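**Q** Predicted model and sequence below, questions to follow.
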Amino acid sequence: MFNHIHEVALLKDERVYADEVENPITARRRLFQVERSSPIFVEIEQLFAQSWNRLEKYRPQVQFIFEVQWPEYALRPYFAYRAKVQASTHAKDQRGNEKFLFHGTNRACLLGESSSTVLLCGDKQCSLCSILRTSLAVSKCGTKNAFKRYGNGIYLTSCSSKADEYVSNLSRSASLRVMLINRAVIGNAYKTHRNAPQIAPLSQEYNSV
Ligand SMILES: [Zn+2]
């Protein structure tokens with residue numbers, strides 16, 4: 001179990017990926033189902049279960065896991081940032097303290113409801129598809145909740161039940177809840193147990209909160 005909730009606001013490396021250069025059909029197809037027997041399924045399912053720390057709230061079963069595939073060029077800035085953080089912080093691992101972190105958001109469509117609903121929708125209200133199309137954006141911070149615990153940034157958490165609080169279905173036909181699990185570079189994290197809405201932008205020595 002995690003000892004403390006580690007909410008992380010990644011404050012740098014905002015990226016927007018243009019879909020226009022891609023085929024519109026393949027651009028909508030980002031999700032590929034992960035086999036239940038594969039090691040990555042087992043790892044993520046375990047992470048989800050172990051980091052669910054609201055005991056009063058029923059922990060859901062993982063129904064499906066989809067891998068989100070990006071074109072290689074879209075991932076390049078992430079790997080470059082990861083290498084930069086690793087070099088500047090002498091992070092413990094070779095990947096700049098890279099971790100899997102959860103993010104909950106709203107979904108207007110039925111993406112991920114079954115193994116065949118895998119095409120991104122074009123509904124402007126669907127934050128999930130918007131994120132899967134263009135990645136998480138610092139500029140979207142605070143559009144849902146005006147209060148920003150650590151100021152402007154991308155909010156991710158190691159705690160699955162915390163992310164679940166931000167999951168919502170706009171469609172009445174939806175029966176499952178969908179959350180994102182993201183690879184995130186933690187680097188040198190500024191640790192605080194208090195709200196710190198004025199903390200951003202962070203000083204040079206830190207990469208996340
Ligand atoms: Zn959607």
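**A** Received the coordinates, thanks. In this text, all values refer to a predicted model and were calculated from it rather than measured experimentally.

**Q** rest of the way, CA atoms for contacts and neighbours
**A** OK.

**Q** So which helix or strand of this protein has the lowest pLDDT on average?
**A** None of the helices or strands of the chain scores lower by mean pLDDT, DSSP states H and E than strand 7-10, at a mean of 42.

**Q** Follow the chain on from the longest helix along the chain and name the next helix or strand.
**A** The residue-count maximum for a helix in the chain (DSSP state H) belongs to helix 72-89. Next in sequence after helix 72-89, counting helices and strands by DSSP states H and E, comes strand 98-104.

**Q** Between helix 72-89 and that next one, find me the angle.
**A** Relative orientation of strand 98-104 versus helix 72-89 (axes from the mean of the first three to the mean of the last three CA atoms, to 10 degrees): 120 degrees.

**Q** mind listing the helices for this structure?
**A** 24-28, 39-50, 72-89, 127-134, 160-164.

**Q** burial of residue 187, as a residue count?
**A** Neighbours of residue 187 under the rule other CA atoms under 10 Å: 28.

**Q** In this protein, where is pLDDT below threshold?
**A** The chain contains residues with pLDDT under 70 at 1-27, 89-96, 136-152, 192, 194-204.

**Q** At the contact with the ion, which residues of it appear?
**A** Contacts of the chain with the ion, taken as CA under 5 Å from the ion, map to 109, 121, 126, 129.

**Q** separation between the second one and residue 161?
**A** As judged by CA to CA, to the nearest Å, residue 121 and residue 161 stand 26 Å apart.

**Q** And those two? Which one has more around it.
**A** Of the pair residue 121 and residue 161, residue 161 is the one with more neighbours under other CA under 10 Å, namely 24 against 18.

**Q** how close does the nearest residue to that one once chain neighbours are set aside sit to residue 88?
**A** In space, residue 161 comes closest to residue 52 once its chain neighbours are excluded; the distance is 4.8 Å by CA to CA, 6 or more residues apart in numbering. From residue 52 across to residue 88, the span is 33 Å (CA to CA).

**Q** okay, those two: which has more neighbours?
**A** A count of neighbours by other CA under 10 Å puts residue 52 above the other of residue 52 and residue 88, at 22 against 12.

**Q** can you pull the contacts of that one?
**A** By CA atoms under 8 Å, 6 or more residues apart in numbering, the contact list for residue 52 reads 59, 159, 160, 161, 162.

**Q** Check those residues for burial and list the buried ones.
**A** For those, a burial check counting by 16 or more other CA atoms under 10 Å picks out 159, 160, 161, 162.

**Q** With distance to residue 63 as extra columns, can I get these in JSON lines?
**A** Below are those laid out as JSON lines (distance: CA to CA, whole Å):
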{"residue": "159", "distance to residue 63": "18"}
{"residue": "160", "distance to residue 63": "15"}
{"residue": "161", "distance to residue 63": "16"}
{"residue": "162", "distance to residue 63": "19"}
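
**Q** Nothing else from me, thank you.
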